[in-house]
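# Sharing a sequence plus its predicted fold:
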Amino acid sequence: MRVLIVEDEKRLAISLAQGLRAEGFAVDVVHTGTDGLHRATEGDYDLIVLDIMLPGMNGYRVCAALRAAGDETPILMLTAKDGEYDEAEGLDTGADDYLTKPFSYVVLVARVRALLRRRGRSAAPALRVGDLTVDRGTRRVTRGEREISLTAKEFTVLERLADRPGDVVSKAEILEHGWDFAYQGDPNIVEVYVSALRRKLGPGLIVTVRGAGYRLVADGGGGRG
């Protein structure tokens with residue numbers, strides 16, 4: 001899951017990013033409304049954490065612009081303000097939830113997960129490929145009757161493949177989905193997680209397409225496992 005944080009309080013933004021990364025999210029951070037709108041428009045995010053009082057363009061305008069462009073990415077608004085009017089204005093512009101500073105990090109994570117579950121229910125919460133089931137809402141993976149325990153990053157890689165069963169998904173696409181925008185490490189890290197998934201899931205599901213990427217197929221789909 002990729003999260004974009006748009007927050008001008010840099011210490012808070014860094015703290016939130018570190019916490020969410022520890023929970024298994026890929027997180028990008030920007031500090032102005034204009035940068036936030038640009039990154040949200042150019043990137044593929046599962047959720048946006050958006051402060052209201054931002055330089056360049058406030059959170060209300062960023063949210064309204066995204067919704068006007070047809071972007072339905074869940075938005076959690078943050079603000080130091082307090083009052084029903086502010087909450088109503090935020091929700092009227094298309095935000096999905098609202099959190100007033102100061103807030104507990106535990107509460108933030110709970111809100112983030114709730115929004116992602118809500119989005120999952122409206123967009124194929126359970127992905128099925130053959131006897132494999134990937135449940136986005138509960139983050140459970142089963143193959144047949146067997147439940148498979150995955151790390152957060154393994155789940156992210158598998159989710160990307162399961163979202164496009166039978167299609168070739170490149171390493172670059174997997175990195176974009178599961179790692180931060182600024183990731184400069186070895187792209188072959190994807191191979192490490194694919195190998196781990198093959199060990200846990202068993203043979204016949206993840207097929208290597210040499211020079212192109214990977215395909216997730218129903219067992220017996222052919223190709224190099």
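Looks like it arrived, so ask away.

# distance of Tyr98 from Leu78?
8 Å (CB to CB, to the nearest Å). C-beta here means a position set from N, CA and C on the backbone, and glycine is covered the same way.

# Ala172 now?
Distance from Ala172 to Leu78, by CB to CB: 31 Å.

# between these two, which one's more packed in?
Leu78 (24 against 11; other CB atoms under 10 Å).

# next helix or strand past the longest helix along the chain?
In the chain, with assignment by DSSP state H, the single longest helix is helix 105-122. Under the assignment DSSP states H and E, the closest C-terminal helix or strand after helix 105-122 is strand 126-129.

# Which strands or helices does that following strand pack on?
When contacts are defined as 3 or more CB pairs under 8 Å, 6 or more residues apart in numbering; DSSP states H and E, strand 126-129 sits against strand 132-135, helix 152-162.

# Student question: in the chain, what's the helix or strand with minimum average pLDDT?
In the chain, no helix or strand scores lower on mean pLDDT, DSSP states H and E than helix 84-92, which sits at a mean of 56.

# Helices along this structure, start to end?
10-22, 33-42, 59-68, 84-92, 105-122, 152-162, 171-178, 189-201.

# List the buried residues in the third one.
By neighbour count on 16 or more other CB atoms under 10 Å, the buried set for helix 59-68 is Gly59, Tyr60, Arg61, Val62, Cys63, Ala65, Leu66.

# need the contact list for the residue nearest to the second one when sequence neighbours are not counted.
In other words, Tyr60. Once flanking residues are discounted, Tyr60 sits nearest to Thr93: 5.0 Å by CB to CB, 6 or more residues apart in numbering. The contact partners of Thr93, taken as CB atoms under 8 Å, 6 or more residues apart in numbering, are Tyr60, Cys63, Ala64, Arg67.
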